[in-house]
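Asks: Got a predicted structure here, sequence first:
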Amino acid sequence: MSISQAIETVEANYAHQPEFIQAVKEVAISIKPLYDAHPEYETLKVFERLVEPDRIFNFRVNWENDKGEVQVNRGWRVQFNNALGPYKGGLRFHPTVTESVLKFLGFEQIFKNALTGLPIGGGKGGSDFDPKGKSESEIRRFCYAFMRELHHYISKDMDVPAGDIGVGGREVSYMYAMYKNLTRESTGVITGKGVGFGGSLMRTEATGYGAVYFLENMLAAQDEDIKGKTVLVSGAGNVSLHAAEKCIALGAKVITVSDSRGTLHDTSGFTQEKIDWLKAQKAQNKPLVDYVDKFGGEWLDGKKPWQFKADIAIPSATQNEINEDEAKQLVNNGVKYVVEGANMPLTAEAIDHVREHRVHYAPGKAANAGGVAVSALEMSQNSVRQYNTFEQVDQQLKNIMKDIHDGAAGASEEYGQTDNGYIDYMAGANMVGFKRVADALLAYGILN
Ligand code: NDP
């Protein structure tokens, strides 16, 4: 079966899962040169096997709200592929979570994790639970109830979840507490734990910082520097605010952040003091608009950040947050680099548009792999029961991001996708990630 036949099968079987189909097509198109060069992949139906998860657990989560009313949510864990190591990927709590969203994220995660060069397979999970407007004790009860179900399907050498949208250090701690309570094991079964009870230093910062380290490598490949560049960041969560923080530390000017309510624009640029204030504000679930009274700038209700002139965009909120029209805005506003902090923030048409205009484009599976890489380092530290310093982890992260960059750039060159200095990071990253997983599948025969 050829790749195009495999896509047709996915479209026929999962017509109701648009995000998953979108993610599969992106990988399929860009690995074609590699697939053509290795007929054994087709003979052993490697792509066809990879688009079908090993298994998906779907469970009900019963919990009680503050009024004593019974609430029912849906929960999932997608164990997509463990060719390279234990299933690894975050948990998302958001009302938009569906099986399609988790399958797209799990599929992407297989190749992202392969790109890190660390022994981790791909998985993802979550719930349609909406943390917004919930009290502290409701969040705690939900996390306990979620783990009461999930613990049946995970363990430290088999499947190791982490955080994602709506799941940060607080939620990870509650879930870890329930896992320990049920199993009496203190193991690295979930990452993103608090430092002091199994967490790694730098895990919180890793995704945002890692994306900026990737960007630095992209800029260096074009003989450019981040210093003095203007940057648009979307989101005001874990990835966004740490990406903004690192850009500022390296001398760039970040002029936007955003959330689901709108965009904050500060022409004078955010400073570390302002970022610290934004972190505290979001941690208390307070609105970004309060910033204007304190620091100035403007609040654009219901708007996204793509209307401003800049050199670099780091979309770090959610999937499909930049459509074709917004990609046109970016190009017209002079943006030369798009680095995906979020997973799949550009629609397929938006990706085509920026690439056609030779905007240097780093796909999420390469650019935001720093988070899962440090999660894998947390797993190693848990196994040996010793901890590394912030500086050690930071250096490991820098090395990993450079390796991912150089691997993707190298594959782009090797398979004839680099055009007059323009590196096709999407093709390169997909081919490197795919090859690592595909070669493991070939080695295993047909048992994976
Ligand atoms: P957070 O929950 O910390 O922050 C998400 C931010 O995006 C919030 O500001 C949120 O706004 C905004 N947002 C979420 N959904 C929407 C939406 N539909 N429209 C507009 N804004 C939205 O999540 P993370 O920072 O952890 O994750 C962000 C992205 O990065 C996701 O795509 C995630 O999969 C990806 N990622 C995260 C990693 C990590 O280590 N955390 C690792 C790799 C990828 P509001 O506050 O109003 O809800």
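Replies: Yep, that arrived. Residues are numbered from 1 along each chain as shown.

Asks: gap between stretch 399-419 and the chain center?
Replies: Centroid separation between stretch 399-419 and its chain, computed with C-alpha atoms, centre = their mean, to the nearest Å, is 20 Å.

Asks: near the ligand, anything from that stretch?
Replies: No: on the criterion C-beta under 6 Å from any ligand atom, stretch 399-419 is out of touch with the ligand, staying 12.8 Å away. C-beta: built from backbone N, CA, C; applies to glycine.

Asks: what's that stretch in contact with?
Replies: With C-beta atoms under 8 Å, 6 or more residues apart in numbering as the test, stretch 399-419 has contacts from 33-34, 37, 115-118, 210, 213-214, 217-218, 221, 366, 369-370, 373, 423-425, 427-429, 431-432, 435.

Asks: Give me the buried subset of the residues you listed.
Replies: By neighbour count, with 16 or more other C-beta atoms under 10 Å, these hold 34, 115-118, 210, 213-214, 217-218, 366, 369-370, 373, 423-425, 427-429, 431-432, 435 as buried.

Asks: Restricted to helices, list the contacts of stretch 399-419.
Replies: When those are checked against helices (DSSP state H), the matches are 33-34, 37, 115, 210, 213-214, 217-218, 221, 366, 370, 373, 425, 427-429, 431-432, 435.

Asks: quick one: low-confidence parts of the stretch 201-350 of the chain?
Replies: Counting by pLDDT under 70, the stretch 201-350 of the chain has no low-confidence residues at all.

Asks: where do the strands sit along it?
Replies: 230-233, 253-259, 262-265, 298-301, 312-314, 337-339 (DSSP state E, counting those that start in this stretch).

Asks: Could you check how many residues crowd around the closest residue to Thr207 other than its chain neighbours?
Replies: With C-beta to C-beta, 6 or more residues apart in numbering as the measure, Gly371 is the residue that lies nearest to Thr207, at 3.3 Å, once sequence neighbours are left out. If you count neighbours by other C-beta atoms under 10 Å, Gly371 ends up with 30.

Asks: who touches the residue of the stretch 101-250 of the chain found nearest the ligand in this structure?
Replies: The nearest approach of the stretch 101-250 of the chain to the ligand comes at Gly237, 1.8 Å away (C-beta to the nearest ligand atom). Gly237 sits next to 165, 259, 282, 316-317 when contact means C-beta under 8 Å, 6+ apart.

Asks: Can you pull the phi/psi pair for it?
Replies: phi -110, psi -160 (degrees, to the nearest 10).

Asks: and the protein, which residues reach the ligand?
Replies: Going by C-beta under 6 Å from any ligand atom, the residues of the chain near the ligand are 163-166, 207, 235-240, 259-261, 316-318, 341-343, 368, 371.

Asks: returning to what we had before: surely the residue nearest to Thr207 is in contact with Phe214?
Replies: No: using C-beta atoms under 8 Å, Gly371 is not in contact with Phe214; the gap is 11.9 Å.

Asks: what are the pairing partners of the strand ranked longest in the chain, and which direction each?
Replies: Of all the segments assigned as strand in the chain under DSSP state E, the longest by residue count is strand 70-81. Sheet pairing here is set by DSSP bridges, and for strand 70-81 it gives strand 55-64 (antiparallel), strand 121-127 (antiparallel).

Asks: Most tightly packed of those?
Replies: Most buried of those, by mean neighbour count (mean count of other C-beta atoms under 10 Å): strand 121-127, with a mean of 30.
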